[in-house]
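Colleague: Next input, structure requested:
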Amino acid sequence: MPSTRRSRAAVPPDPEQGQEQEQGQESEGLLPVGVVAERLEMSTAALRAWERRYGLAPSGRTTGGHRRYSPHDLDRLEHVRALVRRGVPAADAARAVGAAGPPAVRADAAELTEAMHTLDAAAVSAVVSAALSRLGAASAWTTVLAPALVAIGDHWEETGCGVEVEHVTSGVIEGALRRHAQDRAAAAPPGPGAPGPVLLAAAPGEHHTLPLTALAAALAEEGRAVLLAGDLPARALTDALARVRPGAAVLWARAPDTADAAWLRAALEATAAPVHPAGPGWRRSALPDGTAAPLDDLPGALAALLGRPGPAATAG
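Modeller: Residues are numbered from 1 along each chain as shown. I've put the predicted structure just below:
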């Protein structure tokens, strides 16, 4: 990344900087606040605001308690600054750059966030497809896709802006996940004696179903047959269960007002297969008797559906 520096006179003085300089360079490789602010072409007040609001704090301090930034801290801040200059809101940029995982994964999240904010559908598709190929569906969802989508959603809820970003890019991500699932299913079809498919359905009126599509892609990678049905009214759900004879069913509800216990009960009466509620809309205390373990995150969902050791958990 090219260096963008300006004279010290252009940056308001930092009262801590003189004290830090007096202490010498005993913390090799660590930089004081004023130097970092200069490199980022920011005021020290703005840098401290980023620390308070977005958790972009320095990782080191001098023996006197003064803050120092490591090379990793500076690299992270430069990435946030670059995204902000390209039009990404600072909160979203910080979430993307601060995503969990190794540097390559954080870079994917940052690149995806930028592509989403610029409504660059081709770039979104390319980043998502690359992450799925390199990381697999479960890891790509939890470390790259979900953090970027949450950041966009949070920005919309906080500001009322950005709904077009969520709508456009959600469709692109949905398409990339479906293609990945189809490709993996074609490459490794279920063998003889394999259990019935996993039926993935959403509650009527529940349109936020990307976590189900991510689960479908992850199951396809494992050679498990999947039927991704979308949102189904009770009659259509029970008909599908009777005709498909699934090995398990996952019923998704993101919002409490779509998590209908009667709909879930109809599914339980229509099949002997395990029926797992999934998503934050379900209240465990209101689940009907006979319901299989609720699923709370994608890795836990895979463990439950594939019969592996691990916490029972959901797609989202």
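
Colleague: Pull stretch 40-53 out as PDB, backbone CA atoms only.
Modeller: Once side chains and other backbone atoms are set aside, the C-alpha atoms of stretch 40-53 remain, and they are given as PDB (Å, rounded to 0.1, in the frame of the first residue of the first chain):
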ATOM      1  CA  LEU A  40      -3.100   7.900   8.400                       C
ATOM      2  CA  GLU A  41      -3.700  11.600   7.800                       C
ATOM      3  CA  MET A  42      -6.000  11.700  10.800                       C
ATOM      4  CA  SER A  43      -6.100  13.800  14.000                       C
ATOM      5  CA  THR A  44      -5.200  12.000  17.200                       C
ATOM      6  CA  ALA A  45      -8.800  12.800  18.400                       C
ATOM      7  CA  ALA A  46     -10.300  10.900  15.500                       C
ATOM      8  CA  LEU A  47      -7.900   8.000  16.100                       C
ATOM      9  CA  ARG A  48      -9.000   7.800  19.700                       C
ATOM     10  CA  ALA A  49     -12.600   7.900  18.600                       C
ATOM     11  CA  TRP A  50     -12.000   4.900  16.400                       C
ATOM     12  CA  GLU A  51     -10.600   3.100  19.500                       C
ATOM     13  CA  ARG A  52     -13.600   3.900  21.600                       C
ATOM     14  CA  ARG A  53     -16.300   3.300  19.000                       C
END
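
Colleague: buried ones in that stretch?
Modeller: Buried positions in stretch 40-53, judged by neighbour count with 16 or more other Cβ atoms under 10 Å: 40, 42-44, 47-48, 50. In short, each C-beta sits where N, CA and C put it, glycine included.

Colleague: out of these, what pair is the most spread apart?
Modeller: Between any two of the buried residues of stretch 40-53, the greatest separation by Cβ to Cβ is 12.4 Å, found for Leu40 and Arg48.

Colleague: Sort out for me which of the buried residues of stretch 40-53 are in helices.
Modeller: The helices in this structure, assigned by DSSP state H, contain 40, 44, 47-48, 50 from these.

Colleague: Throw these into TSV and include pLDDT, thanks.
Modeller: Putting these into TSV (pLDDT from 0 to 100) gives the following:
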residue	pLDDT
Leu40	86
Thr44	85
Leu47	85
Arg48	85
Trp50	82
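
Colleague: Next SSE downstream of the helix or strand harbouring Val150?
Modeller: Under the criterion DSSP states H and E, the helix or strand holding Val150 is helix 146-159. Beyond helix 146-159 in the direction of the C-terminus, DSSP H and E gives the next helix or strand as helix 163-187.

Colleague: Break down the stretch 1-150 of the chain into its helices, ranges please.
Modeller: Secondary structure of the stretch 1-150 of the chain, counting by DSSP state H, counting those that start in this stretch: helices at 15-22, 33-40, 44-54, 71-85, 90-97, 103-117, 121-135, 137-140, 146-159.

Colleague: what angle do the third one and helix 33-40 make?
Modeller: Using axes from the mean of the first three to the mean of the last three Cα atoms, to 10 degrees, the inter-axis angle of helix 44-54 relative to helix 33-40 is 90 degrees.

Colleague: same for helix 44-54, what does it pack against?
Modeller: With contacts taken as 3 or more Cβ pairs under 8 Å, 6 or more residues apart in numbering; DSSP states H and E, helix 44-54 sits against helix 33-40, helix 71-85, helix 90-97.

Colleague: Nearest to Ala187, out of the helices of the stretch 1-150 of the chain?
Modeller: The closest of these to Ala187 is helix 121-135. By Cβ to Cβ, the value is 12.1 Å.

Colleague: Kindly export the closest one (C-alpha atoms) in PDB.
Modeller: Output of helix 121-135 as PDB, limited to C-alpha atoms (Å, rounded to 0.1, in the frame of the first residue of the first chain):
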ATOM      1  CA  ALA A 121     -22.100  -7.600  -8.100                       C
ATOM      2  CA  ALA A 122     -19.200  -9.100 -10.100                       C
ATOM      3  CA  ALA A 123     -16.700  -8.400  -7.300                       C
ATOM      4  CA  VAL A 124     -19.100  -9.700  -4.600                       C
ATOM      5  CA  SER A 125     -19.600 -13.000  -6.600                       C
ATOM      6  CA  ALA A 126     -15.800 -13.400  -7.200                       C
ATOM      7  CA  VAL A 127     -14.900 -12.800  -3.500                       C
ATOM      8  CA  VAL A 128     -17.600 -15.200  -2.300                       C
ATOM      9  CA  SER A 129     -16.800 -17.900  -4.800                       C
ATOM     10  CA  ALA A 130     -13.100 -17.700  -3.900                       C
ATOM     11  CA  ALA A 131     -13.800 -17.900  -0.200                       C
ATOM     12  CA  LEU A 132     -16.000 -20.900  -0.600                       C
ATOM     13  CA  SER A 133     -13.400 -22.700  -2.700                       C
ATOM     14  CA  ARG A 134     -10.600 -22.000  -0.300                       C
ATOM     15  CA  LEU A 135     -12.300 -22.200   3.100                       C
END
